[in-house]
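Asker: Whatever this is, show me its structure:
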Amino acid sequence: MNATASGPVNVRTVTRVTRGQAASDGAGVRLTRIIGGPGLPQVDPFLLLDEFRSDTPGDYIGGFPDHPHRGFETVTYMLAGRMRHADNQGNAGLLTPGSVQWMTAGRGLIHSEMPEQEDGLLWGFQLWVNLPAADKMTAPRYQDIAPDAIPEVTIADDVVVRVLAGSVAGVTGPVSGIATRPVYLDIHLPAGASTALPLAGDLSAFCYLYAGSASVGQAAASRVLDRGELGLLGPGDTFCAAALNQPARLILVAGLALHEPIARYGPFVMNTREEIIAAVEDFNAGRF
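Answerer: The predicted structure is shown next:
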């Protein structure tokens, strides 16, 4: 993604609109599953997108105790609240409002994500990103990125973009070294404002409105998305969005589709059934 594209633009249209479904995970954490349910099992290379948002402690206080992962990456982006993560290899960190953690589980680890608060709003997203077959058994890796390390850029119409991954107007996000070439933007649109952002045509992409409403696309081909709706984006090289009569906030996520077979069993995502069986055996034998 860059801000210097020239020539005719091909604006991406919304090819499908979907809403998430209420779900529960971990030790009873209530959340909305947007990608990863029966209605939208995946958006290659993205396997799951959850939004957790509640100021009722009983909805989140149990957190996500120790659990394993193998074969993919988890991305946690916090909007409000505090979450402590730790794993069985001695890694630990604190997620605070505006921070992001990009964890490459690779060949396997056991970790926990627990709220470090007893009341107040806990709000954020968790995204699962598939790993290519060649990287499934790579060594685990963390990119813990503090709020002030995520650049913000203000573009036309006072639109503010937080750049977690990818580049906007010459500003590049801190997440690096990811095989799927991800773009992850948090876009804040003032009421009535619009924006057009170059987006590489070989990336699959979606946007998700988490505040307000916005028109996505261009002219007669645009679709209005409301808070809680995901818009799957078709081919093109430009993303266009415009807020309506109130401010809107959305995440724009894109990545290189892998077009590889997926074998999935709970917290393990591999390419074959045999690899899943091996993952379960390794976990049960304490080899994570």
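Asker: Need the phi and psi values for the closest residue to Lys136 other than its chain neighbours.
Answerer: Excluding its sequence neighbours, the residue lying closest to Lys136 (Cβ to Cβ, 6 or more residues apart in numbering) is Gly71, at 4.7 Å. Where C-beta positions appear, they are placed from N, C-alpha and C, glycine not excepted. Here is the backbone geometry of Gly71 (degrees, to the nearest 10): phi 90, psi 0.
Asker: just Ala221 next, same as before
Answerer: Backbone torsions of Ala221, given as degrees, to the nearest 10, read phi -90, psi 10.
Asker: quick one on the thing from earlier: could you check the pLDDT of the residue nearest to Lys136?
Answerer: What the model reports for Gly71 is a pLDDT of 98.
Asker: Next: Gln89.
Answerer: 88.
Asker: Quick check, it in contact with Leu109.
Answerer: Yes. Between Gln89 and Leu109 there is a contact under Cβ atoms under 8 Å: 6.0 Å.
Asker: more crowded one of the two?
Answerer: Between Gln89 and Leu109, Leu109 has the larger neighbour count (other Cβ atoms under 10 Å), namely 21 against 13.
Asker: Please identify which helix or strand holds the closest residue to Leu40 other than its chain neighbours.
Answerer: In this structure, Leu40 finds its nearest non-sequential neighbour in Thr18, 5.3 Å apart by Cβ to Cβ, 6+ apart. Assigned by DSSP states H and E, Thr18 belongs to strand 14-19.
Asker: Could you pull out the buried residues of the next helix or strand after that strand?
Answerer: Using DSSP H and E, the helix or strand that follows strand 14-19 in sequence is strand 21-25. In terms of neighbour count (16 or more other Cβ atoms under 10 Å), strand 21-25 has its buried residues at Asp25.
Asker: any idea where the strands of the stretch 151-288 of the chain begin and end?
Answerer: With DSSP state E, counting those that start in this stretch as the criterion, the stretch 151-288 of the chain has strands at 152-155, 159-165, 167-168, 171-172, 183-189, 194-198, 204-211, 213-216, 223-226, 229-233, 238-243, 248-255, 263-265, 268-270.
Asker: closest one to Thr56 among the ones you listed?
Answerer: Across these, Thr56 has its closest neighbour in strand 204-211 (18.4 Å, Cβ to Cβ).
Asker: neighbouring contacts of the closest one?
Answerer: With contacts defined as Cβ atoms under 8 Å, 6 or more residues apart in numbering, strand 204-211 is touched by 12, 34-35, 43-46, 49, 51, 79, 183, 199, 216, 225-233, 239, 241, 247-257.
Asker: for stretch 274-288, same thing?
Answerer: 68, 70-71, 88, 108-110, 136, 263-265, 268, 270.
Asker: Make a markdown table from those and add distance to Ala156 to it.
Answerer: What follows is these, written out as a markdown table (distance: Cβ to Cβ, whole Å):
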| residue | distance to Ala156 |
| --- | --- |
| Pro68 | 46 |
| Arg70 | 44 |
| Gly71 | 41 |
| Asn88 | 48 |
| Gly108 | 45 |
| Leu109 | 43 |
| Ile110 | 46 |
| Lys136 | 42 |
| Ala263 | 45 |
| Arg264 | 42 |
| Tyr265 | 47 |
| Phe268 | 45 |
| Met270 | 44 |
